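Q: what shape does this take:
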Amino acid sequence: MLFTSRNMETTSTPSLSFFCELDGASISALFSDPQVISTLSELNAGVNLGIIDFSPERAEVVKRLNQAMVPVVAWQLLPREQGYWYHGCNAQHAIARYGEFVRWSARNDLKWSGIGMDIEPDIKEFQSLMLDKKELLRSVRRRGCGKANLRKAQAEYRELVSQMRHDGFTVDSYEFPFMIDEYWAGSTIVQRLTGMVEAPADRRVVMLYTSFFRPYGQGVLWTYGKNARAVAVGVTGGGVELEGIPQPRPQDWAEFSRDLRLANQRAGDIHIFSLEGCVEQGFMEKIMSFDWNIKEKPAHPWYELAMLARLLIRMGLWTSSRPLVAVMLLLLLLWLWL
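A: Purely as a prediction, here's the structure:
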C-alpha cells in the first residue's frame with residue numbers, strides 16, 4: 001500500500017533518510033567532515049540527494065557514500081528555468097533530464113537505492129504566486145487547466161516511471177499533504193489548478209514540514225501522518241531560495257524532536273529535511289542518542305483545527321468533482337431553509 005497507518009500503541013526506531021539539496025561546492029564542503037558519513041552509517045540512515053547538477057564533486061560524494069554502504073536516493077531536479085520540480089508542464093524536460101542522469105551515473109559508476117520525484121508547482125509560478133496572489137489565475141490561464149492536459153501529463157509521467165522501473169529503480173514521490181485528500185475524493189481540481197500531477201510511485205512521502213505552518217503545523221503532521229506510509233519532517237535549515245520571499249525560521253531542537261516523535265507514532269519511515277541543517281545545528285549527535293519510545297501529542301487546539309480544515313478540504317474536493325451531487329445538495333439545503 002502507498003498510504004498506511006501505523007499502530008500508535010507501539011513505537012520503535014524508524015527508518016531514517018536525510019534530504020540534501022546543495023550545489024557541487026557546498027556538498028563537497030559538507031562531506032569533507034568524515035563524521036557526517038560515519039554518523040549516517042551508525043544511524044543506518046539514507047540520503048535523498050538532490051541532483052542539482054552533474055558535477056564531479058557530486059559524483060565523488062556519491063562514491064564515498066556507496067563505499068560506506070549508505071543508501072542514496074537520486075532526488076531528481078531540473079534547472080530553474082524548466083520549473084525545478086516535476087509538474088504537469090515539464091514532463092518532457094523531466095524525461096530528457098533523467099536520460100542525462102542515467103548516462104552520468106554510468107560514466108561515474110554510481111550506485112543508487114532508488115529515484116525520488118518531487119511533485120510540486122513550477123518554481124517560477126510558485127515564486128510569483130507568493131509575491132502576487134493574482135498570479136494563480138494568470139498561471140492557470142497560461143497553462144490551461146482542462147482534464148485533457150492533465151491526462152497528457154499523467155501519461156508522460158507514467159512513461160517516465162515505467163522507464164525508471166525498467167532501469168531497476170524503485171520510485172519515491174514527494175508530495176504535498178492535501179494530495180492525499182485529492183486522491184481520496186477522486187478529484188483532479190488541485191492538480192489542474194496548481195500544475196501538479198499524480199504519478200505512479202512505489203512509495204509516497206508526504207511532506208509535513210511544520211516550520212511552514214507554525215503554530216498549527218504539529219496538528220497537520222498528526223492528522224496527515226495517520227494516512228502516510230512515509231513522512232518528511234523539518235525544516236532544520238537549507239532548501240531552495242526564492243527571491244523576494246523570506247525563508248521560515250529553521251526548527252530548533254524542541255520543535256524538531258517533537259516532530260520526530262509525532263512522526264514516529266504515525267509512520268515508521270521518516271525523511272528529514274535537511275542533512276545540512278541538522279549538521280549545522282548539531283542535531284546529528286542528538287539523533288544518535290534519541291529516545292524514540294517517548295510519546296508526544298500535538299498541543300491543543302492545533303490538531304482539532306487541522307482535522308476541521310482537512311474535513312472541509314475533503315468535502316470541497318469531493319463535491320467539486322461531482323457537480324450534479326453538489327447542485328442536488330444545494331437544492332436540498334434551500335428547500336430545508338425555506
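Q: who's V72 bridged to?
A: V47 (DSSP bridges).
Q: isn't it up against S105?
A: No - using CB atoms under 8 Å, V72 and S105 do not qualify as a contacting pair, with a distance of 10.6 Å. The way it works is simple: take the backbone N, C-alpha and C, and place the C-beta from them, glycine included.
Q: which neighbours do those two share?
A: W112 (CB atoms under 8 Å, 6 or more residues apart in numbering).
Q: between the two, point out the one with more neighbours.
A: A count of neighbours by other CB atoms under 10 Å puts V72 above the other of V72 and S105, at 21 against 18.
Q: confidence score at that one?
A: Predicted confidence (pLDDT) for V72: 98.
Q: ok, Q76 next?
A: pLDDT, read off for Q76, is 98.
Q: isn't it right up against R97?
A: Yes - counting by CB under 8 Å, Q76 touches R97, with 6.8 Å between them.
Q: where does the stretch 101-250 of the chain have low pLDDT?
A: Across the stretch 101-250 of the chain, the ranges flagged by pLDDT under 70 are 129-145.
Q: ok, 80 please
A: 126-146, 243-245 (pLDDT under 80).
Q: mind listing the strands for this protein?
A: 15-20, 46-51, 72-76, 114-118, 171-175, 203-207, 230-234, 269-273 (DSSP state E).
Q: in terms of secondary structure, what does the fourth one contact?
A: What it means is strand 114-118. Helices and strands touching strand 114-118, by 3 or more CB pairs under 8 Å, 6 or more residues apart in numbering; DSSP states H and E, are strand 72-76, strand 171-175.
Q: now render those as CSV, adding distance to I294.
A: Shown next, in CSV, are these (distance: least, CB to CB, whole Å):
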stretch, distance to I294
strand 72-76, 29
strand 171-175, 27
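Q: so which of these is nearest M288?
A: strand 72-76 (20.3 Å; CB to CB).
Q: in the closest one, what counts as buried?
A: For strand 72-76, a neighbour-count test (16 or more other CB atoms under 10 Å) marks 72-76 as buried.
Q: and if you look at stretch 209-227?
A: 209-211, 213, 216-227.
Q: farthest pair within those residues?
A: Using CB to CB, the buried residues of stretch 209-227 span at most 21.4 Å, a distance reached by S211 and N227.
Q: hmm, back to that, redo the strands of the chain as CSV? Include distance to I287.
A: Compiled in CSV, these are given as follows (distance: least, CB to CB, whole Å):
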stretch, distance to I287
strand 15-20, 8
strand 46-51, 14
strand 72-76, 19
strand 114-118, 21
strand 171-175, 21
strand 203-207, 18
strand 230-234, 12
strand 269-273, 8
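Q: mind checking the ones you listed for the one nearest to S289?
A: That would be strand 15-20 among the strands of the chain, by CB to CB, at 13.9 Å.
Q: quick one: strands adjacent to that closest one?
A: Using DSSP bridges, strand 15-20 pairs in its sheet with strand 46-51 (parallel), strand 269-273 (parallel).
Q: only C-alpha atoms, please: export the last one in CSV.
A: It stands for strand 269-273. Coordinates of each C-alpha in strand 269-273 appear next as CSV, following Å, rounded to 0.1, in the frame of the first residue of the first chain:
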residue,chain,number,x,y,z
ASP,A,269,9.7,5.8,7.7
ILE,A,270,10.9,9.4,8.3
HIS,A,271,12.6,11.6,5.8
ILE,A,272,14.3,14.7,7.4
PHE,A,273,14.9,18.0,5.6
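Q: contacts for that strand next, please.
A: 14-19, 48, 174, 203, 205, 209, 229-236, 238-239, 260, 263-264, 278.
Q: next one: stretch 79-91
A: For stretch 79-91, the surrounding residues in contact (CB under 8 Å, 6+ apart) are 76-78, 93-94, 97, 117-124, 143, 149-150, 153, 156-157, 160, 191, 194-197, 199, 240.
Q: same question for stretch 288-308.
A: 11-14, 39, 42-43, 215-224, 257-258, 260-262, 264-265.
Q: one more time with 10 Å
A: Residues outside stretch 288-308 that contact it (CB atoms under 10 Å, 6 or more residues apart in numbering): 8-14, 16, 39, 42-43, 177, 210, 213-224, 257-265, 283.
Q: thought K111 was touching A68?
A: No - counting by CB atoms under 10 Å, A68 is not a contact partner of K111; they are 11.6 Å apart.
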